[in-house]
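Colleague: Make a model of this:
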Amino acid sequence: MTSLRARIPLLVALGACACHAPERHRVDVESPPADPESVSVEARTRYLVTYPCSEKCHSKRQTNSQQRLLVEFHSQRNKELHHGDSKAWCYQCHSETNIDRLVIANGSLVTFDEAHLLCGSCHGDKLRDWKLSVHGKTMGHWRGTQVKRSCTACHNPHNPPFAKLEPEGPPVPPQKAGRL
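Modeller: Residues are numbered from 1 along each chain as shown. Take a look at the predicted model:
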């Protein structure tokens, strides 16, 4: 893994090239900034190997609503659950009646492509920041069409936290690094 310090000169050069290109200084006054509520979300289901669940793994399984750990089956498919408290389990997020849908806090069903609505049921501050493009990944332009990646594009829904990163030390002043 390349450290951030090693990538800084490249990032500065790329930023300078992008900023000083003539087309960057043109202002389009006709198109207003995108409304955070109307931004489209990148579809995720095409990336899910076991989707639709009803056709892949759950085609012959009966629904069992008894809360329990499903270690024997799901651990083989890297689906161990480490999300929230120990009371969290499958049907807290997945619908019992339609395994190809997620169920949000008010009981409404949403698609896997609308996972941000489910995540926002508990993580409202993150959903607010995501809608404002403060948290998450937005692709496209500040003005015009924008496409956002949903929470599950970056966070594993069954084990969402990122691994902790070790901070790097402060930068070395140029005179101590043998320059100037």
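Colleague: C-alpha only now, for contacts and for neighbours.
Modeller: Fine.
Colleague: which ones are touching His135?
Modeller: For His135, the set of contacting residues under the criterion of C-alpha atoms under 8 Å, 6 or more residues apart in numbering consists of 126, 129.
Colleague: Distance check, it against Gln67.
Modeller: As defined by C-alpha to C-alpha, to the nearest Å, His135 lies at a distance of 33 Å from Gln67.
Colleague: Same check on Met139?
Modeller: In this view, Met139 and Gln67 are 39 Å apart by C-alpha to C-alpha.
Colleague: now Lys131
Modeller: Per C-alpha to C-alpha, Lys131 is found 33 Å from Gln67.
Colleague: Quick one: residues in contact with the helix or strand where Cys119 lies.
Modeller: In this structure, Cys119 is located in helix 115-122 according to DSSP states H and E. The list of residues contacting helix 115-122 from outside it, by C-alpha under 8 Å, 6+ apart, reads 93, 102-105, 110, 126-127, 150-152.
Colleague: Low-confidence stretches in this protein?
Modeller: Along the chain, the parts satisfying pLDDT under 70 run over 1-39, 55-56, 59, 61, 68-88, 142, 160-161, 176-180.
Colleague: at 80 instead, please
Modeller: Counting by pLDDT under 80, the chain has low-confidence residues at 1-39, 47-90, 136, 138-146, 157-165, 167, 174-180.
Colleague: Show me the strands in it, by range?
Modeller: Assigned by DSSP state E, the strands in the chain fall at 40-41, 102-103, 109-110, 138-140, 146-148.
Colleague: most tightly surrounded among these?
Modeller: Burial of the strands of the chain is given as mean neighbour count (mean count of other C-alpha atoms under 10 Å); strand 102-103 ranks first at a mean of 24.
Colleague: Which strands or helices does it pack on?
Modeller: Using 3 or more C-alpha pairs under 8 Å, 6 or more residues apart in numbering; DSSP states H and E as the contact criterion, the elements in contact with strand 102-103 are strand 109-110, helix 115-122.
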